[in-house]
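Student: Model the structure of this input:
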Amino acid sequence: MEYVTAVPHPRSEAAGPARAGRLSLALALLCGALGAAVSLLSTRQRWSEGTATVAGGSFPLTARGSDVTGVPAALAIVGLAALVAVFAVRRSGRLLVAALLALSGAGTIAAALLGASDGSALDDKAAQAAGDTSATVAGLSHTAWPYVAAVGGALILLAGLLALRYGRLWPAMSGRYERGGAPGSSRTAPAVDPDRPEDLWNALDRGEDPTGA
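Tutor: Now for the predicted structure:
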């Protein structure tokens, strides 16, 4: 009795990595773009608030995320640029850009969490309002927006990790404009009929010598 061993079809073997590449690409694009948008939006919101006391009384002060720290917004922009640049490079270059993307997300998280308890921005505003460099803010409180920025950083970090893990399966920009020729340079030039003036002009437009052999 003979046993027949089933040989997997090459197309079915390639379907798994291809599907993983498409899913990871879609997820990375979604996480990276959404994370950058969330981080940028969060830095424009109120992160902390308090009360400053001056000779005439007390008045409230607020500080936005951009007043507290500019790091999350800057790293979100870097991460977004790295997400786009992933498709412009290959091999080791893609790994480096993916690592930059992941580091941008990690840095955004760290900066946002540090800013969640930072009151220096309000102290500076209180000193400026009171005309006294030793003036500080009373009743300091913080909002949830720094943690929202940290969530945005986590999404950027996830996009970077996906790029590191599955980036080799992702497509790259077309190489038709790469060094070695212009688009269509590999095509065979049409024959030039010396009895047809339009052929002569077309050859000259292509940079060819229509009188050559």
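Student: Quick check: buried residues in the longest helix seen in the chain?
Tutor: Taking DSSP state H as the criterion, the chain has its longest helix at helix 10-42. The neighbour-count check on helix 10-42 (16 or more other Cβ atoms under 10 Å) flags 21, 24-25, 28-29, 31-33, 35-36, 38-42 as buried. For the C-beta atoms, the positions are set from N, CA and C on the backbone; glycine is no exception.
Student: Out of those, flag the one nearest to A149.
Tutor: Sorting these by distance to A149 puts S42 at the head of the list, at 3.7 Å, by Cβ to Cβ.
Student: Just to check, that closest one is in contact with A149?
Tutor: Yes. Look at S42 against A149 with Cβ atoms under 8 Å: they come within range, at 3.7 Å.
Student: what sits in contact with each of the two?
Tutor: Shared contacts of S42 and A149 (Cβ atoms under 8 Å, 6 or more residues apart in numbering): G65, P72, A112.
Student: With secondary structure added, can I get those residues in CSV?
Tutor: Below are these laid out as CSV (DSSP: H, G, I helix; E, B strand; the rest coil):
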residue, secondary structure
G65, helix
P72, helix
A112, helix
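Student: Need the pLDDT of L122.
Tutor: At L122, the model reports a pLDDT of 83.
Student: what's it in contact with, if anything?
Tutor: S48, E49, G50, A52, L61, T62, A63, V137, L140.
Student: what pairs with the second one across the strands?
Tutor: The bridge-partner assignment for E49, based on DSSP bridges, gives T62, S141.
Student: A116: which of the contacts of L122 is nearest?
Tutor: Using Cβ to Cβ, the contacts of L122 come closest to A116 at S48, 8.7 Å.
Student: residues near the closest one, how many?
Tutor: 26 (other Cβ atoms under 10 Å).
Student: quick one, what contacts G32?
Tutor: G79, L80, L83, L101, L155, I156, A159, G160.
Student: Surely the first one touches G105?
Tutor: So the one you mean is G79. Yes. Between G79 and G105 a contact is recorded at 6.0 Å, counting by Cβ under 8 Å.
Student: Which neighbours do the two have in common?
Tutor: With Cβ under 8 Å, 6+ apart as the test, G79 and G105 both reach G35, I156, A159, G160.
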